[in-house]
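In: dropping the sequence and predicted coords here.
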Amino acid sequence: MNGFTNEANEAEFVKFIPVVLKDPNSKYEDAPGLKVKIENVKAVLSHFDEKWKVINDELYITKRLALDKELVYNYTLKANDEEFINHIKDFNLQQGSNRQ
């Protein structure tokens, strides 16, 4: 992709749709019915410095990220991993106390 396309995809936001891998030999698939805590997804995205926003109580991510199904799949897994979410929260608390 050229730089212009990357910039356009970074500026455009699309609705977040969880992604699954049904079979290791198949492609990643959108799973709009998969239950994922939006607060967890926001925490994961923020942890990895991804841009996101909430519009009408729905989470939106950059089109660039949405096109990377493997990365969205990994973020979906992390958002459903309570141990990882607790790790992020602990990390953020430590970072906050270090800034004072």
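Out: Yep, that arrived. The shown structure was predicted, so the numbers you read here are calculated from the model rather than taken from an experiment.
In: which SSE is immediately downstream of the lowest-mean-pLDDT helix or strand in the chain?
Out: Least confident element among the helices and strands of the chain, by mean pLDDT, DSSP states H and E: helix 3-11 (a mean of 63). For helix 3-11, the following helix or strand on the C-terminal side (DSSP states H and E) is strand 13-15.
In: what's the distance between residue 92 and residue 36?
Out: Going from residue 92 to residue 36 by CB to CB, to the nearest Å gives 20 Å. For glycine as for every other residue, the C-beta is placed from the backbone atoms N, C-alpha and C.
In: between these two, tell me which one has more neighbours.
Out: Neighbours per residue (other CB atoms under 10 Å) separate residue 92 from residue 36, with residue 36 holding more: 18 against 13.
In: could you give the mean pLDDT of stretch 40-58?
Out: Per-residue pLDDT over stretch 40-58 has a mean of 95.
In: how about it: buried residues?
Out: Neighbour counts over stretch 40-58 (16 or more other CB atoms under 10 Å) mark 40, 41, 42, 43, 44, 45, 47, 50, 52 as buried.
In: so which of those sit within strands?
Out: residue 52 (DSSP state E).
In: give me the phi and psi for residue 16.
Out: Backbone geometry at residue 16, expressed as degrees, to the nearest 10, gives phi -70, psi 130.
In: great, nothing more from me.
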